[in-house]
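Peer 1: dropping the sequence and predicted coords here.
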Amino acid sequence: MLARMVRHERSALPPRRAHRLATIGALALAVLVGCAPTPAGGPRPAGRSSVDRPATTLDIAVRYEPESLASVPLRDTGSGVSSTTRLFNAQLDMQDGKSEPRPYLAEALPQLNTDSWRVFPDGRMETTYHLRQGLTWQDGAPLSADDFAFAWAVYSTPAFGLADSPPLKQMEGVDAPDPRTVIIRWRETYPDAGALAMNFQALPKHLLEEPFGRMDAEAFVAQSFWTTDYVGLGPYRIQRWEPGALLVGTAFEGHVLGRPKIERVIVHFFADENVAFTNLLSGEVEYATGRALRFEHGTTLQKDWGDGARGTVLFTPDTSRFMAAQFRPDLVSPRDLLDPRVRRALVSSIDRDALNEAMFEGHGDMSDIFLTRYSRYERVPDMDATIARAQQTIAHYPYDERKTAGYMSDAGYTRNRDGAFVNAGGERFSMEVWNHASPQYGKELAVIVDTWNKVGFDARPNVLPAAALRDGKLRSSFPALYIASSSRLESFTQAAIPTDANRWSGSNRGSWVNPAYEELWTAFNSTLDPDQRREQIIGMLRLLNDELPAWVLYYNPSVAAFQSVLKGPDNASLNTDVWNIYDWEMR
């Protein structure tokens with residue numbers, strides 16, 4: 001297997017890569033137990049040898065191939081692709097490695113109670129951005145404020161399914177009084193208006209206005225513009241895309257913060273994390289990002305690289321790994337899953353210590369809260385303090401089989417002679433648990449299912465292939481429970497329910513609806529006072545842990561690792577791991 005995972009033509013490798021092959025075998029085999037079969041044709045995507053490699057080329061390993069290169073795509077791209085789309089896009093502002101907003105295309109960010117961020121007596125607002133001078137699209141056409149107004153016209157079109165998602169839902173319109181001034185008009189007070197980051201982008205009006213007026217929604221989304229012919233504003237422009245294998249980006253001379261120091265990036269799609277790991281060890285890639293590596297890969301690299309002279313590993317617990325319950329009456333099975341007492345019984349029978357040992361050798365960050373310190377909401381000044389306050393007030397469900405039995409008894413269940421929970425009709429409580437294919441998620445699923453079966457539930461695993469991440473309709477059709485990742489409160493709003501109307505792109509896949517939560521979320525999105533926003537967050541977290549439409553298992557660490565020849569990465573968060581790639585250097 002190992003021979004298939006790394007290129008074995010040692011004589012063809014540069015010296016800085018060839019020396020790594022001496023120790024790769026033992027290190028790779030230490031973490032490959034139980035790995036998925038290597039894709040046909042070997043791990044290195046075909047075509048690398050044909051790539052004309054300039055003096056500085058950075059090879060990046062990612063797990064998922066994007067469906068679109070846009071920051072705000074018109075189709076569901078699945079998860080874990082922002083590291084790739086970031087290369088080709090620039091917005092009015094960006095988040096840095098500490099999740100702090102910075103001006104990007106704009107000279108400065110709007111400041112509340114100034115001319116740049118005005119709040120009117122009727123609750124409407126205006127935010128004003130002034131674009132930096134001399135900005136161009138990657139095809140050389142000038143960037144104009146009209147491109148932001150045109151983007152608003154596209155994204156607010158109901159047929160694309162984004163019009164009801166924030167911040168588009170709160171926007172009333174976008175004006176361009178002159179080529180460098182962007183004015184966003186807001187229907188209501190919206191506290192995140194001063195830092196939109198990857199939630200809003202310009203679109204090249206000179207390329208898309210004509211097809212937008214002529215094509216229907218399906219044809220417009222299917223254009224090659226969104227993929228192989230994408231024209232953006234980011235540090236790299238697309239040069240080549242080999243589906244299923246790699247894409248190549250070249251440095252954009254007109255990038256707003258200067259031409260990137262690395263001339264070319266080659267992004268390799270490795271569905272198997274073990275393949276990404278062995279290619280990083282061999283020096284075939286210099287950087288592995290996002291979900292390309294697992295926790296055990298990172299710890300193995302740390303041991304091998306020691307003091308960091310040969311490379312660096314970054315761990316960022318930036319998402320909450322959680323299990324969602326199905327609430328759609330036409331899908332849910334068993335129907336008693338709709339009873340909150342049953343859901344409390346399920347949560348109380350999850351052994352997080354066993355999960356921690358199986359997945360993280362006891363070093364994981366086990367949590368039962370839906371936000372991490374990397375969750376970004378404007379005008380919430382201290383997320384750590386907010387989470388600490390929430391932990392003191394929300395309900396907790398520690399592992400306790402006696403409480404599990406009590407909850408199930410209250411819901412009308414008894415144990416049969418085999419110890420299984422049965423209802424008054426003698427039917428066992430039987431459920432499917434959906435998860436995605438991955439060695440890490442396989443361990444997770446095995447521990448949870450095994451624990452539930454021992455307690456008395458009839459739990460059956462259903463493992464979805466990686467390609468299912470792009471199928472929003474399929475991901476929303478689970479009958480009982482579905483394990484996913486998120487750290488966003490909007491994932492439990494009614495507007496986030498996937499439907500035909502929003503092209504199945506919502507993240508509330510269990511279709512939970514709660515009027516009290518909706519009221520808090522609405523208030524949260526119109527409140528400017530930081531203290532009130534903090535209390536609204538705590539109120540939403542309290543409702544989530546009371547009603548349990550989903551429950552958190554642990555903080556899921558993103559793992560990024562890079563060879564010592566690369567300088568610049570500063571975090572592993574899926575949204576900001578390559579935020580400053582224009583400033584990275586190859587030594």
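Peer 2: Now that the structure is in, tell me what you want to look at.
Peer 1: make it CA atoms for all contacts and neighbour counts henceforth
Peer 2: OK.
Peer 1: and the pLDDT for the residue lying farthest from the centre of the chain?
Peer 2: Most distant from the centre of the chain: Arg417, at 44.7 Å, with distances by Cα atoms, centre = their mean. Per-residue pLDDT puts Arg417 at 94.
Peer 1: sec struct for it, please.
Peer 2: Recorded secondary structure, Arg417: coil (DSSP: H, G, I helix; E, B strand; the rest coil).
Peer 1: from Glu67, how far out is the nearest residue to Ala159 once chain neighbours are set aside?
Peer 2: In space, and not counting its chain neighbours, Ala159 is closest to Ala217: 6.2 Å by Cα to Cα, 6 or more residues apart in numbering. Using Cα to Cα, to the nearest Å, we find Ala217 at a distance of 16 Å from Glu67.
Peer 1: does Asn556 count as helix, strand or coil?
Peer 2: The three-state assignment at Asn556 reads strand, by three-state DSSP.
Peer 1: what bridges to it?
Peer 2: Beta bridges link Asn556 to Thr319, judged by DSSP bridges.
Peer 1: give the contact list for Val433.
Peer 2: 445, 449, 459-462, 480-483 (Cα atoms under 8 Å, 6 or more residues apart in numbering).
Peer 1: just to be sure, it is in a strand?
Peer 2: Yes - looking at Val433 with three-state DSSP, it is inside a strand.
Peer 1: next one: it from Ser477, what distance?
Peer 2: The value you get for Val433 to Ser477, if Cα to Cα is used, is 12 Å.
Peer 1: show me the helices in the stretch 151-300 of the chain, by range?
Peer 2: 205-214, 217-221, 273-282, 295-305 (DSSP state H, counting those that start in this stretch).
Peer 1: repeat for the stretch 451-587 of the chain
Peer 2: Counting by DSSP H, counting those that start in this stretch, the helices of the stretch 451-587 of the chain are 472-475, 515-524, 530-547.
Peer 1: buried residues, the last one. List them.
Peer 2: Along helix 530-547, these residues count as buried under the neighbour rule (16 or more other Cα atoms under 10 Å): 530, 533-545, 547.
Peer 1: and that helix, C-alpha only, in PDB?
Peer 2: Output of helix 530-547 as PDB, limited to C-alpha atoms (Å, rounded to 0.1, in the frame of the first residue of the first chain):
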ATOM      1  CA  PRO A 530     -22.700  43.800  22.900                       C
ATOM      2  CA  ASP A 531     -24.100  42.800  26.300                       C
ATOM      3  CA  GLN A 532     -27.500  42.100  25.000                       C
ATOM      4  CA  ARG A 533     -26.000  40.000  22.100                       C
ATOM      5  CA  ARG A 534     -24.100  38.000  24.700                       C
ATOM      6  CA  GLU A 535     -27.300  37.300  26.600                       C
ATOM      7  CA  GLN A 536     -29.100  36.300  23.400                       C
ATOM      8  CA  ILE A 537     -26.300  33.800  22.600                       C
ATOM      9  CA  ILE A 538     -26.600  32.300  26.000                       C
ATOM     10  CA  GLY A 539     -30.400  32.100  25.600                       C
ATOM     11  CA  MET A 540     -30.100  30.200  22.300                       C
ATOM     12  CA  LEU A 541     -27.500  27.900  23.700                       C
ATOM     13  CA  ARG A 542     -29.800  27.200  26.700                       C
ATOM     14  CA  LEU A 543     -32.700  26.300  24.300                       C
ATOM     15  CA  LEU A 544     -30.500  24.000  22.300                       C
ATOM     16  CA  ASN A 545     -29.500  22.100  25.300                       C
ATOM     17  CA  ASP A 546     -33.000  22.000  26.700                       C
ATOM     18  CA  GLU A 547     -34.700  20.900  23.600                       C
END
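Peer 1: what's it in contact with?
Peer 2: 340, 369-370, 379-381, 386-387, 389-390, 393-396, 489, 517, 520-521, 523-524, 527, 550-551.
Peer 1: narrow those to just the buried residues.
Peer 2: 340, 369-370, 379-380, 386-387, 390, 394-396, 489, 517, 520-521, 523-524, 527, 550-551.
Peer 1: please flag which of those residues sit within strands.
Peer 2: 550-551 (DSSP state E).
Peer 1: name the nearest residue to Trp241, ignoring sequence neighbours.
Peer 2: Nearest one to Trp241, counting by Cα to Cα, 6+ apart, is Leu247 at 4.1 Å.
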